[in-house]
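[1] Dropping the sequence and predicted coords here.
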Amino acid sequence: MRTFNYIAPLALALALTACGEASEGESGASASGSVEAVEAPAGQKWSETVSKTEAGGIVMGNPDAPLKLVEYMSITCSHCKDFGEQAFAPLRDNYVETGKVSFEIRNFVRDPLDLSAAILSRCGGEGPFFPLTEQALSYQGTMFEKAQGMGEATYSSILSASPDTRFVRLAEQLGLISFFQQRGISEDQAKACLADSAAAEALMNNTQKAVEEFDIQGTPTFLLNGQKIDGTNWAAVETKLKEAGAR
């Protein structure tokens, strides 16, 4: 089981938020032709078909899509923020909605700040997960400023607290509870999610599994049909999707 060093100095925790370099992996296999579009069920859109996966991620799109894109991401990663700004809208509108591509996000948590934000992005269930994640990424700069402002002593005190209170206190200091409250997650709901130590453990364990199974070394890292693909920006990922037939 993977555990955090909860009493790590704040400077170290913030240093961890710098995105690691994703290791190079095999490129997704190219397809000889285009993948056929698949109509969503009557009255539905594929972007509204959202569910949790066995790997602990949240997936959007046709469950039987021939092209399955997975992003290992961290809410405290600047490259993940950049990818979200570049990719979420065109990926949804031009690829997921066709039924050719499904898009799964798997939280790769690297520090207590990231874990707190990841817990809250999931607090409303699968439905609002993608918009909440996108908006949480946009809050990244403010979160870092508030983290720096709390100081080492406060940070260490918070992370030395009991498991059912530490992430509540940290999220309060970071302004995350009020941020998510403005987006439909009530204060009581947020605090209940943050106090759920089993949910925190599950996210940490899924991160450890990603390291062991796919040798994930940095974020964002992408899989296409189970194979790592090179590149951390939308242009590179879109090229791989097109090569695989999503055109």
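    Looks like it came in fine.

[2] CA atoms for contacts and neighbours, from now on please.
    OK.

[3] neighbours of Thr53, just the number please.
    Thr53: 12 surrounding residues under other C-alpha atoms under 10 Å.

[4] ok, it to Ile229 distance?
    20 Å (C-alpha to C-alpha, to the nearest Å).

[5] Arg122 now?
    26 Å.

[6] Tell me which of those two has more neighbours.
    Ile229 (23 against 20).

[7] thinking that one is in contact with Pro220, fair?
    No - counting by C-alpha atoms under 8 Å, Ile229 sits too far from Pro220 to count as a contact (10.9 Å).

[8] Can you list the low-confidence ranges for this structure?
    1-18, 20-32 (pLDDT under 70).

[9] which residues of it fall in helices?
    Assigned helices in the chain, in chain order: 10-16, 78-94, 112-121, 129-138, 140-159, 163-174, 176-181, 187-194, 197-214, 234-243 (criterion: DSSP state H).

[10] Of those helices, flag the one that's most buried.
    helix 112-121 (a mean of 25; mean count of other C-alpha atoms under 10 Å).

[11] what does that helix rub up against?
    For helix 112-121, contacts defined as C-alpha atoms under 8 Å, 6 or more residues apart in numbering pick out 4, 6, 13, 17, 74-76, 107, 109, 129, 132-133, 136, 167, 170-171, 176, 180, 190, 193-194, 199-200, 203.

[12] switch the cut-off to 7 Å
    For helix 112-121, contacts defined as C-alpha atoms under 7 Å, 6 or more residues apart in numbering pick out 74-76, 107, 109, 129, 132-133, 167, 171, 190, 193-194.

[13] Just send these back as CSV, with distance to Met143 too.
    CSV is the format used below for those (distance: C-alpha to C-alpha, whole Å):
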residue, distance to Met143
Ser74, 14
Ile75, 10
Thr76, 9
Asn107, 18
Val109, 15
Phe129, 19
Leu132, 15
Thr133, 14
Phe167, 14
Ala171, 9
Ala190, 17
Cys193, 19
Leu194, 17
